[in-house]
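Enquirer: Kindly generate the corresponding structure for this input.
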Amino acid sequence: MSFPVVDKLVLQNNPDFALLHGKLTNVLLNADGSTKEDAGARQRRQVKDELDKRRLKAAKQHILTRAIATATPEQNSQPQHQQKGRFSGGRTHKSQQHQQADVAEPLIDIVLLLPSLVDQTQQQQLSPAAATLLMTSDPLANLDALLPDLAALLTTQLRSSALSLARIANPTTNPSYLHRHIASLAQSHKTLCDAASAARLSLASARLRTLASLVDLLALYSAGLTALIRALEAKHGVVARSVDLRSAEASLAAMHARFAAESTLHSSRAQIYTPRACGALSTYSAHLRDAKVRAGERVKVLSAELAGYGVGVDGGANKERTMREMARVYRDMARQMDDAKADLDRLHKG
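Expert: Numbering: from 1, shown residues only. Coordinates of the predicted model:
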């Protein structure tokens, strides 16, 4: 964990914070954010060094185990026999092949056995009796005699792995010169790690600078919009204010007209509906209600009389026709009587 990077523009705009940041980064804190005045720093450093040693030992053990597990005795020994066969006779070549075959078989057994033995030794310690029995049995009983061949095999395997790492670390180097970079693999790894850390810090700084530039750009946009608004106000402000004032005047005139209409309505109502007129209207309303009640009662009486004449009741159709006929005859007789009276009056006058 590294100490976070602060933008220079922030430090320039905040002197107090810049002073505090300088004290923190130069006096009180380390580059990784830990304090410099810690009493347990020495103990932690010792623990860290011990942990690094353990890690280095475990890494070496893992590399050795991996090299043993991936070693191939046939590939390592075959070129040597082919090269020796070129300079020796057929009998010597055959004897070397026979001797190499005798050596390769126990070596293969040791190569196959050592990885599991190393892993088992890391996980669980063998008892002395088991270790003695294992070392006195084939193929480990011949380990001293086969140790040079095993060392050459592991050296070849480790060199092949180192060449692969050197090819990755130096992709532009001629493959025939890669062996020169094997000794500097640790330094190359450290350089790459430092470059990665520097790149991360540079990326963080670039992000902060980008944010600062974005803030400046937004400030410029805001200033531009403000200037544009001011220019528009300077150009069209008089007309806009005139229109605003005229609209306010029209609104006030409309409000005055509404209040005047309401006042006229109230005064007209007060002039028309005087207390005397209101009393007369109340009396007339009561008279109308009484007339309505009397009219209803009269309708009921007339309906009862019509029912007596068979009008509006079930089974009274004949009676209704008789009464209608009598009314017609009565009207005719009344008309005849009127005509007779008119004739008599003319005779008397004549």
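
Enquirer: Could you give the number of residues near Val10?
Expert: Residues near Val10, counting by other C-beta atoms under 10 Å, number 14. The way it works is simple: take the backbone N, C-alpha and C, and place the C-beta from them, glycine included.

Enquirer: show me the contacts for it.
Expert: Applying C-beta atoms under 8 Å, 6 or more residues apart in numbering to Val10 gives the contacts 17, 212.

Enquirer: Can you tell me how far it is from Arg200?
Expert: 20 Å (C-beta to C-beta, to the nearest Å).

Enquirer: what do you get for Asp314?
Expert: Distance from Asp314 to Arg200, by C-beta to C-beta: 111 Å.

Enquirer: Looking at the two, which has the bigger crowd around it?
Expert: Arg200 (12 against 6).

Enquirer: How about the backbone phi and psi for Leu29?
Expert: phi -120, psi 150 (degrees, to the nearest 10).

Enquirer: Which residue comes closest to it once chain neighbours are left out?
Expert: Thr35 (6.0 Å; C-beta to C-beta, 6 or more residues apart in numbering).

Enquirer: ok, that neighbour touching Leu28?
Expert: Yes: counting by C-beta atoms under 8 Å, Thr35 does reach Leu28; the two are 6.2 Å apart.

Enquirer: for the stretch 1-150 of the chain, what spans make up the helices?
Expert: For the stretch 1-150 of the chain, the helices defined by DSSP state H, counting those that start in this stretch occupy 8-13, 15-23, 41-70, 73-87, 90-123, 128-135, 143-169.

Enquirer: any idea which of the ones you listed scores lowest on pLDDT?
Expert: When the helices of the stretch 1-150 of the chain are compared on average pLDDT, helix 73-87 comes out lowest at a mean of 44.

Enquirer: what secondary structure does Gly237 sit in?
Expert: Here Gly237 is recorded as helix under DSSP: H, G, I helix; E, B strand; the rest coil.

Enquirer: Counting neighbours, what do you get for it?
Expert: 11.

Enquirer: Could you do Val111 as well?
Expert: With other C-beta under 10 Å as criterion, Val111 counts 23.

Enquirer: cool, and Ala166?
Expert: Residues near Ala166, counting by other C-beta under 10 Å: 23.

Enquirer: Could you tell me which residues make contact with it?
Expert: 173, 178-179, 181-182, 185.

Enquirer: For the stretch 251-350 of the chain, give me the ranges with low pLDDT.
Expert: Within the stretch 251-350 of the chain, the ranges that satisfy pLDDT under 70 run 309-313, 315-316, 350.

Enquirer: do that again at 80, thanks
Expert: 305-323, 349-350 (pLDDT under 80).

Enquirer: domain assignment for this structure?
Expert: If you go by automatic domain parsing, the domain ranges for the chain are 39-183, 309-350.

Enquirer: now the helices: where do they sit in the stretch 151-300 of the chain?
Expert: Under DSSP H, counting those that start in this stretch, the stretch 151-300 of the chain gives helices at 185-272, 275-308.

Enquirer: now the ones you listed in CSV, with distance to Ala340?
Expert: Shown next, in CSV, are those (distance: least, C-beta to C-beta, whole Å):
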stretch, distance to Ala340
helix 185-272, 59
helix 275-308, 31
